[in-house]
Structures are given as structure tokens and as C-alpha cells.
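> mind looking at a prediction? Sequence and model below.
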Amino acid sequence: MTVLHTVLHSTAFVWNDPRRDVRKLWPTDTEVRAHDIVVAGRSLTDLARERRTPCVLIAPTGPSAVHPEADAHVTLVVARIVAREEPHGWHREVVVTVDCALDALAPLVTHIDLLHSPHARDLAPTTLQTASDGTRLKARLPRACAPGDLVVFACTGTLSLSQVVPRENPCAEKGDAEEAEAAGGACRKYQSDPGDD
């Protein structure tokens, strides 16, 4: 394997072209609105608010005419931008850090959009990274993306939540359980109210 192969495999490229017909990349019954994406009546913004980020939604795409034996599902992963580095040097590329693990979804991702502006035309080369691993994705995202914005990754096949939650929790070193819970470190599926006992 050459150095070029190593570089190409360590950084996936997802060049979102606003002229490309992305309807085939979304699940069946997807409505791309001006400030949200709704799948079978389910708002991805509401999903992220209810479940916290990262979160996943797996939905059917229908049988593929080209590959009928292929998995007929799309996994939508919604993550939050937690940091942004302004472009510097000759490459002039924005770097954003997201709160989901990118290693499992990198080989499956087909499209990346900013959730509150999926129809944006003012796109810039952007590198997405996770603080906990070295995986990076390159995409074209709106120039105005900022910490707090939601990013949706459309991936072929199925991914579980455990595959996209970062393995390392920066709060775990401090031993502060409240900070770990606020950062989403604990398993959210089985959290209950203290009054439930």
C-alpha cells in the first residue's frame, strides 16, 4: 500500500454538490425542508432534542434496482458541532469537531448536511473530526457552520448508536459523574428519573 492509499483511506471525502440530486440518498418518505429534514413525519431536529446527540434513525430506502441484494436501509446520524477552527495557512479549510465517532460511519457515509440549512448554496470545503479518534471526513458545508449546529450524516446500511457514540469520554478522567452525564457519556437508553424507584 502506498502513502497515497494510506492518506485516502484515513480521510474520507464526501463532496456535497448542491446540483446533485440527493433524493436517492435519503430514506423513503423524506422531506427536506428549509430548516429541517423530516423522515416519515419525524423531525430530525426534534429527534436530536429528545435523544441528545449523537442519535441515529434507521429507515428503509426501498429495493435497489442496481443491487437488489444490498441493504435497503439508510442510517441517519445526527451529531452536534462542538468546536470550529478557522482556516489558516494555504489550504484554507474550516475544521469542525463533532460529538460522534466517525470511524464506523466513514466508509458508509454518502451525504453530509447541516440540519438547519440543508438547501444552502454557500458551501466551503470542511474537515469534520472527532476529538477522541483520528478519523476525519471532508465535505462541503455552509460557511456559517458554528458550534451548536446539527450535522446529519446519511449512511448506507445500518449503524447502531453504540457505533457512533465516542468511546472516550473527556469527563471520565475528572471522575465527575454530573459532567459525564451532561456530556452524554452514560448510556442514555437506560437512564431513569430518581423518583422512579
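Done, it's in.
> and residue 75, what element?
strand 73-85 (DSSP states H and E).
> now do the buried residues in that strand.
Across strand 73-85, burial judged by 16 or more other CB atoms under 10 Å covers 73, 74, 75, 76, 77, 78, 79, 80, 81, 82. For glycine as for every other residue, the C-beta is placed from the backbone atoms N, C-alpha and C.
> now, which of those residues sits nearest residue 36?
residue 78 (11.0 Å; CB to CB).
> surely that closest one is in contact with residue 53?
Yes: using CB atoms under 8 Å, residue 78 is in contact with residue 53, at 5.9 Å.
> show me the common contact partners of these two, please.
residue 150 (CB atoms under 8 Å, 6 or more residues apart in numbering).
> residue contacts, residue 143?
By CB under 8 Å, 6+ apart, the neighbours of residue 143 are 94, 122, 123, 124.
> with residue 39 instead?
Listed by CB under 8 Å, 6+ apart, the contact set of residue 39 reads 26, 27, 29, 30, 31, 57, 59, 76.
> 10 Å - rerun?
26-32, 47, 57-59, 74, 76, 152 (CB atoms under 10 Å, 6 or more residues apart in numbering).
> so among these, which ones count as buried?
Counted by 16+ other CB under 10 Å, the contacts of residue 39 give 26, 27, 30, 47, 57, 58, 59, 74, 76, 152 as buried.
> got a pLDDT number for residue 8?
Listed pLDDT for residue 8 reads 37.
> over to residue 23?
Here the pLDDT value assigned to residue 23 is 61.
> same thing with residue 88?
73.
> the one 4 residues further on now?
On the pLDDT scale, residue 92 is placed at 74.
> look up how far residue 118 lies from it.
With distances taken as CB to CB, to the nearest Å, residue 92 is found 24 Å from residue 118.
> which one's more surrounded, the two?
residue 118 (20 against 10; other CB atoms under 10 Å).
> in a strand, that one, correct?
No: judged by DSSP: H, G, I helix; E, B strand; the rest coil, residue 118 forms no part of a strand; its state is coil.
> which residues does it contact?
16, 22, 26, 32-37, 44, 111, 142, 152.
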